[in-house]
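*Asks:* Quick one, structure for this:
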Amino acid sequence: MQIFKTFLFLCLTVNVLADEGRLNREPNDYKYTSLGIDIVQTDETSLGLRLSFELPGPLYIVAERKAEGIDTDNESYERIINGARLGAQIGIGDLLSNISAKGVNLGVNNIFDVYGELGIKSTAIEGDTNSFSDDDAQAHLIAGVRFGDSNNWEGKIFIDYSKESEVITKPCLDEVCILAETQVIEYVLAEETDQKFGAGVLYNINNRSAVTLEMVSSKVFNKTFKIGYQINF
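*Replies:* Residues are numbered from 1 along each chain as shown. Now for the predicted structure:
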């Protein structure tokens, strides 16, 4: 219900703020070829870099690198994520026309895009006293909708599925450890797939640049806020 309310709020917001035709684009001319840099705020402030290329047809590819500061029981560390995904996007009107029975045209406009991305990601964790890396790449799936006017404000709602890496404190069991009053920090991969919900807005400054704002919730980590600058090609 909360994600539905967010979707409605963003739809109303981008429609109210729209200035039709300001950049001489089609309203749904969303850019899938871009270079962006993000300031990521979790427990600490970090940076992210993403690159997207549009391919022939509905396909595109995404490569990204994120560094997120995390604080677990006063143990600060940095989680570095590298990922690559293959994406596909299509207007809702085109999608419904393609799946309609017996060639019946439902007459629905492309008021928003539906998109999905599937790929892999790897995670490394670096702290003050320990440094870990996970050799096994993990599957990564993102699916959502993109809406609004590409001449001005755009919005998106998405779901992100993947396994997440987290740092846990291993209990002190042996006598030497107890006498020394030390703890062993152990890096483990969460057993359950994390399910994130995200929402974001984008404002097209001109045909080549845009600013973005995004919020993502997680079952494993705290909420993530991102503000970024994007160059469109």
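*Asks:* The closest residue to Glu154 other than its chain neighbours - how many residues pack around it?
*Replies:* In space, and not counting its chain neighbours, Glu154 is closest to Gly148: 3.8 Å by C-beta to C-beta, 6 or more residues apart in numbering. All C-beta atoms are positioned from the backbone trio N, CA, C, and that covers glycine. Counted with other C-beta atoms under 10 Å, the neighbours of Gly148 add up to 26.
*Asks:* do you know how far Gly148 is from Tyr32?
*Replies:* Gly148 is 15 Å from Tyr32, where distance means C-beta to C-beta, to the nearest Å.
*Asks:* Strands of this structure, residue ranges please.
*Replies:* 34-41, 45-54, 59-72, 75-91, 112-127, 131-133, 138-148, 153-170, 184-204, 209-217, 224-232 (DSSP state E).
*Asks:* just checking, what packs against the first one?
*Replies:* The helices and strands touching strand 34-41, judged by 3 or more C-beta pairs under 8 Å, 6 or more residues apart in numbering; DSSP states H and E, are strand 45-54, strand 59-72, strand 209-217, strand 224-232.
*Asks:* so what strands line up beside the second one?
*Replies:* Translated: strand 59-72. Strand pairing for strand 59-72, using DSSP bridges, gives strand 45-54 (antiparallel), strand 75-91 (antiparallel).
*Asks:* thought Leu55 was touching Ala88?
*Replies:* No. Here Leu55 lies out of contact with Ala88, judged by C-beta atoms under 8 Å, at a distance of 9.3 Å.
*Asks:* Need the pLDDT of the residue nearest to Ile80 when sequence neighbours are not counted.
*Replies:* Distances taken as C-beta to C-beta, 6+ apart place Ala124 nearest to Ile80, at 4.7 Å, with adjacent residues excluded. For Ala124, the pLDDT comes out at 80.
*Asks:* Tell me what Ala124 is bridged to.
*Replies:* Applying DSSP bridges, one finds that Ala124 bridges with Ile80, Ser133.
*Asks:* Same check on Asp113?
*Replies:* Residues in beta-bridge contact with Asp113 (DSSP bridges): Gly91, Arg146.
*Asks:* Let the chain start at 209 from now.
*Replies:* Yes, from this point I'll number from 209; that puts the last item at Asp321.
*Asks:* So it versus Val428, what's the distance?
*Replies:* In terms of C-beta to C-beta, Asp321 sits 28 Å off from Val428.
*Asks:* Of these two, give the one with the bigger neighbour count.
*Replies:* Between Asp321 and Val428, counted using other C-beta under 10 Å, Asp321 has the larger neighbour count: 21 against 14.
*Asks:* And the contacts of stretch 290-299?
*Replies:* By C-beta atoms under 8 Å, 6 or more residues apart in numbering, the residues outside stretch 290-299 that reach it are 236, 238, 240, 260, 266-273, 306, 318, 320-330, 348, 350, 354.
*Asks:* Buried members of the residues you listed into PyMOL, please.
*Replies:* Here is the PyMOL selection string for the buried members of those, based on 16 or more other C-beta atoms under 10 Å:
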select buried, resi 236+238+240+260+266+268+269+270+272+318+320+321+322+323+324+325+327+329+330+348+350+354
